[in-house]
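Undergrad: need a structure here:
(4 chains)
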Protein chains: 2
Amino acid sequence: MATVTRKQREILDRQQQVLKVARQIFRQRGYLGLNMDRVAHEMNVAKGTIYQHYKNKEEIILALAVETLDKRTAMFEQACLFRGKPRERMAAIGCAAELFVIRFPDHFELEKVLSCSSIIEKTSENMQLAKTAAELKCINLVAGIVRDAVASGDLELPSEVSPDQVVFGLWSSTYGGYSIMGCDDTLRQMGIDNGFKMVRDINNRLLDGFGWRPLSTEFDYDETYERAQREIFAG
Amino acid sequence: MATVTRKQREILDRQQQVLKVARQIFRQRGYLGLNMDRVAHEMNVAKGTIYQHYKNKEEIILALAVETLDKRTAMFEQACLFRGKPRERMAAIGCAAELFVIRFPDHFELEKVLSCSSIIEKTSENMQLAKTAAELKCINLVAGIVRDAVASGDLELPSEVSPDQVVFGLWSSTYGGYSIMGCDDTLRQMGIDNGFKMVRDINNRLLDGFGWRPLSTEFDYDETYERAQREIFAG
DNA sequence: TGATTTTTTGACGGATCGTCAAAAAATGGA
DNA sequence: TCCATTTTTTGACGATCCGTCAAAAAATCA
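TA: Below is the predicted model of the structure:
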């Protein structure tokens, strides 16, 4: 028993080790620069061994995304603990999202690669499900806050609008905003310097549009952001 | 002289031909399925000839994106001609954006591929600039409508908010929304069926948040969408 | 027509992929 | 401890795609 467990642990450890090395390479050299030979070489191991753990490099990339997605879930969970009205907690989520892309700058690049259909197609169904599950955890945390707002009366949604719609809106604009920020110099051409602040403001306007009280015009959410940063994500 | 022109035309024609064949392959087989040998083979031409026109497949993909981006500009220009208040014209732009992704379903896939830094890095500076220029044309059309709204008093922007910020917001949520729609089945998990309607509603909420009159709560923009579809993009 | 320039060709060397038979290591029973 | 059996690791291999370039073919010109 103990032997089996040790063996299994060793395998798990190496799985982690592969991800660690692969993330390093991906960060430095991107999708095209990451290849199995390189991973194997950096790990002082034969190529075949890597294939024992992951069927191809796309699978490794997907595994990396799941790994960081779990980090994000943890950060979002922290944010949910923030003391304040639902909309303040949502601001804390925004704060977490910002910190996440700063702390894990390679995650968005992973997402972009995985958004290419011919790339994601090479990965296993299982790992894809794992990623969807990891995403759903985050989405549900956010949806929970929206529902709290509805329950507390801060947010009055018409019958044809579901809480998930609000989540989808925040998700879209945040995802879109960060995407445009990261890869396009169109932004610079538009004269926008602080992309994070921009996304924050856009999201605030969006929530104002849904009538989520207190509106950003009557409450200082920048202050809330700073408090969230200090209180929850100190260090 | 006439000879030179004819020769040049032939070269241009083949450039187009490459794009046509490549788009076909890309649509069917995606990024990983598109390769120079295949393009050459389908064109009954040697591989070296393809390289005379485009330095690698990434450059072809970028050229394809520029091509469709120009189509989008044309559609946005049409939308700008729509008769109505600025916000109605903006709705017409939204309509154009929708029709665009329907008419050119491969464009978003191209965008996704090109958003990967290690892929775009393989392309030429010049073609990248061409893409940025094509994007900027669209952005400026949208920005023009925002400025019209400000000028006409329909939209009162605080001094710290620039019209470009509004554009960025729309851009983000639309880009983000369509991205999530296209590649993720997270959406289905969230129980969202009509992604287009969703993006439309989100954008309306966002503009409501900016206080752009008439608000979507006091005006039927769905009606405007349908009119835009009928009037401008008939057929 | 034949010399010169331009264009096309596809074979080639190099990189990466994913596989698999053989080698090495681990396991387990005597 | 030893050796037979199972599991894991190894890296050579064939296949694919990349981008190049010298030679062949075509076009131009005098």
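
Undergrad: run the chain-centre distance for the helix ranked longest in chain A.
TA: The helix that spans the most residues within chain A, counting by DSSP state H, is helix A:2-33. Distance of helix A:2-33 from the chain centroid (Cα atoms, centre = their mean, to the nearest Å) equals 21 Å.

Undergrad: can you tell me how far A:K47 is from B:D106?
TA: For A:K47, the distance to B:D106 (Cβ to Cβ, to the nearest Å) stands at 34 Å. The way it works is simple: take the backbone N, C-alpha and C, and place the C-beta from them, glycine included.

Undergrad: in terms of packing, which of the two has more residues around it?
TA: B:D106 (17 against 13; other Cβ atoms under 10 Å in any protein chain shown).

Undergrad: tell me which residues are up against stretch A:68-84.
TA: A:88-89, A:92-93, A:95-97, A:99-100, A:103-104, A:106-107, A:110, A:131, A:134-135, A:137-138, A:141-142, A:144-145, A:224, A:228, A:231-233 (Cβ atoms under 8 Å, 6 or more residues apart in numbering or on different chains).

Undergrad: pull out the buried members of those residues.
TA: For those, a neighbour count by 16 or more other Cβ atoms under 10 Å in any protein chain shown gives the buried set as A:88-89, A:92-93, A:95-97, A:99-100, A:104, A:106-107, A:110, A:131, A:134-135, A:137-138, A:141-142, A:145, A:224, A:228, A:232-233.

Undergrad: still on that earlier bit, and the contacts of stretch A:68-84, which of them are in helices?
TA: Filtering the contacts of stretch A:68-84 for helices - DSSP H - leaves A:88-89, A:92-93, A:95-97, A:99-100, A:103, A:106-107, A:110, A:131, A:134-135, A:137-138, A:141-142, A:144-145, A:224, A:228, A:231.

Undergrad: please name the residues that touch A:Y31.
TA: Neighbours of A:Y31 in contact, by Cβ under 8 Å, 6+ apart: A:I61, A:E109, A:V113, A:I119, B:C116, B:S118, B:I119.

Undergrad: neighbour count added to those, as JSON lines?
TA: Formatted as JSON lines, the contacts of A:Y31 follow (neighbours: other Cβ atoms under 10 Å in any protein chain shown):
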{"residue": "A:I61", "neighbour count": "27"}
{"residue": "A:E109", "neighbour count": "23"}
{"residue": "A:V113", "neighbour count": "28"}
{"residue": "A:I119", "neighbour count": "22"}
{"residue": "B:C116", "neighbour count": "24"}
{"residue": "B:S118", "neighbour count": "17"}
{"residue": "B:I119", "neighbour count": "22"}
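
Undergrad: looking at those residues, which is nearest B:Y175?
TA: B:C116 (15.5 Å; Cβ to Cβ).

Undergrad: show me chain A divided up by domain.
TA: Domain segmentation of chain A under automatic domain parsing yields A:1-53, A:56-231.

Undergrad: give me the contact status of the first one with DNA strand C.
TA: The reference is to domain A:1-53. Yes - counting by Cβ under 7 Å from any atom of the strand, DNA strand C has neighbours in domain A:1-53: A:T3, A:K7, A:L34, A:N35, A:M36, A:D37, A:R38, A:K47, A:G48, A:Y51.

Undergrad: next, see if that domain gets close to DNA strand D.
TA: Yes - judged by Cβ under 7 Å from any atom of the strand, domain A:1-53 and DNA strand D are in contact via A:K7, A:I11, A:R14, A:V45, A:A46, A:K47, A:G48, A:T49, A:Y51, A:Q52.

Undergrad: the buried ones among the contacts of stretch A:68-84: which ones sit near chain B?
TA: Residues of the buried ones among the contacts of stretch A:68-84 in contact with chain B (Cβ under 8 Å from any Cβ of the partner chain): A:E135.

Undergrad: ok so, going back, buried subset of the residues of domain A:1-53 next to DNA strand C?
TA: A:L34, A:M36, A:R38.

Undergrad: what is the nearest of those to B:Y178?
TA: A:L34 (27.4 Å).

Undergrad: ok, now which ones touch the closest one?
TA: A:L34 touches A:A22, A:I25, A:F26, A:K57, A:I60, A:I61, counting by Cβ under 8 Å, 6+ apart.

Undergrad: dump the buried ones among the residues of domain A:1-53 next to DNA strand C to CSV, plus pLDDT.
TA: Formatted as CSV, these follow (pLDDT from 0 to 100):
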residue, pLDDT
A:L34, 98
A:M36, 98
A:R38, 98
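
Undergrad: return the residues of chain A in contact with DNA strand D.
TA: Chain A comes close to DNA strand D at residues A:K7, A:I11, A:R14, A:V45, A:A46, A:K47, A:G48, A:T49, A:Y51, A:Q52, as judged by Cβ under 7 Å from any atom of the strand.
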